[in-house]
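Chemist: A predicted structure for the sequence below; I have some questions about it.
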Amino acid sequence: MVDHLLNGVLLPALVAAAILCAGWRPWRKRDRVRTGHWSAAIAMAVAGAMSFVSRAWPLWTDPDAGPTHSLAEAVRGSMILLTPSARIDRIVLLILATGGIGLAASLVKRPAARAIGTAGLLALAMGLIIRPPDHPAFTTFGVLGLCATAVTLWAMTEPLAALRAGASLPLSFLVLLGGVSWFMAINDLLMLALVCAAIGASAGMAAIVAGLNPTFSLARGGTPVLIATLAVTMWLGAWYHQGDAPRIAFVLPLAGPALLWFGELPLVARRRPWVGLLVRPALAGIPVAIALGLAMKGQPTGS
């Protein structure tokens, strides 16, 4: 388990932090960088992909591998894993695709074109990657529901990210995805748990960068990866889980992005910044905490 956390969560988060620093350059105190939006998309996508393919790095994950496993073998194994056949493994392709969508969004200057293009490409990526043509077993209505959910959550989150620069929004996604990761681990879905944990930890790194550079924003790049990861993790988790957690528990965390808007009420928004820094992550954590409570309630207590 320690190896999984080090290679599947900590290392991807550190790589994401380096990418975020390259984009936002927090050490420039006098001349704040305001154009590092591209780095959030790349950082989140790279972190998620690294977490996923860490299972194919035998030199790291196999204690008996020894020095006979070369870097070339590790890379070959990773490339094999990046062509997944199981539907649950397609999450890595979706993360990479939404990273590309976020990167493209960061380069488009017209807000209307950026919004329409991002929403359309996000729905297309969700539909084509999670329901490929050779797997008709997944119902059309289920995939359409997934696409609609992802686009709706993104449409809620993107304006908030544009409105609310700083650390509170990344910190909220750290809480949200961290809780989802715990929820997936409870339901024995380790791969989904690790990927969510890696992207959540990357959001935590983004919060640190935002603390050093207050102009940091998840808008125009970072939100498609975060929302797609949340939506598809809960959807795949509900499909694959065999535990005692009720199905409603897999829906509750999707309310997190909507609840963040309560942090824009005058009672919060007009107060000192540290109030929002506490309130918004707490709001994001409410539905996840309820889902965790339902999942843990269904766990056997042992004999």
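Modeler: Perfect, I can see it now.

Chemist: Below-threshold pLDDT in the stretch 101-250 of the chain: ranges please.
Modeler: Applying pLDDT under 70 to the stretch 101-250 of the chain flags the ranges 132-139.

Chemist: Now do the helices in the protein.
Modeler: Assigned by DSSP state H, the helices in the chain fall at 2-5, 11-24, 37-53, 58-61, 71-81, 91-107, 111-130, 140-163, 168-186, 190-212, 223-240, 256-259, 266-269, 273-297.

Chemist: if we compare those, which one ends up closest to residue 246?
Modeler: helix 273-297 (5.9 Å; Cβ to Cβ). Heads up, the C-betas are built off the backbone N, CA and C, glycines and all.

Chemist: packing partners for the closest one?
Modeler: helix 168-186, helix 256-259, helix 266-269 (3 or more Cβ pairs under 8 Å, 6 or more residues apart in numbering; DSSP states H and E).

Chemist: Could you give me the buried positions within the last one?
Modeler: Going by neighbour count (16 or more other Cβ atoms under 10 Å), the buried part of helix 266-269 is residue 268.

Chemist: Quick one: residues in contact with that helix.
Modeler: With contact meaning Cβ atoms under 8 Å, 6 or more residues apart in numbering, helix 266-269 is reached by 262-263, 275-276, 279-280.

Chemist: Quickly check the residues you listed for the two that are furthest apart.
Modeler: Going by Cβ to Cβ, the pair spanning the contacts of helix 266-269 furthest: 262 and 275, at 12.7 Å.

Chemist: Confidence-wise, which of the contacts of helix 266-269 comes last?
Modeler: Scanning the contacts of helix 266-269 for pLDDT, the low point is residue 276. It has 83.

Chemist: which of the contacts of helix 266-269 lies closest to residue 179?
Modeler: Checking the contacts of helix 266-269 one by one against residue 179 (Cβ to Cβ), the nearest turns out to be residue 280, at 14.2 Å.

Chemist: Look at the closest one and say how many residues are nearby.
Modeler: The tally of other residues near residue 280 (other Cβ atoms under 10 Å) stands at 26.

Chemist: Make sure it is actually in contact with residue 166.
Modeler: No. Between residue 280 and residue 166 there is no contact under Cβ atoms under 8 Å: 10.1 Å.

Chemist: hang on, the earlier thing: just the buried members of the contacts of helix 266-269?
Modeler: 263, 276, 279-280.

Chemist: Just put these in CSV and tack on distance to residue 44.
Modeler: What follows is the buried ones among the contacts of helix 266-269, written out as CSV (distance: Cβ to Cβ, whole Å):
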residue, distance to residue 44
263, 22
276, 22
279, 24
280, 19
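
Chemist: And these, which is closest to residue 174?
Modeler: Nearest member of the buried ones among the contacts of helix 266-269 to residue 174, counting by Cβ to Cβ, is residue 280, at 11.0 Å.

Chemist: Who's the closest spatial neighbour of the closest one, skipping the chain neighbours?
Modeler: Of all residues not flanking residue 280 in the chain, residue 263 sits nearest, at 4.1 Å (Cβ to Cβ, 6 or more residues apart in numbering).

Chemist: Which residues lie in contact with that neighbour in this structure?
Modeler: 164, 168, 269, 276, 279-280, 283.

Chemist: what's the closest of those residues to residue 255?
Modeler: Out of the contacts of residue 263, the member with the shortest distance to residue 255 (by Cβ to Cβ) is residue 283, at 9.7 Å.

Chemist: so the closest one touches residue 264, yeah?
Modeler: No. Taking contacts as Cβ under 8 Å, residue 283 lies outside contact range of residue 264: 10.5 Å.
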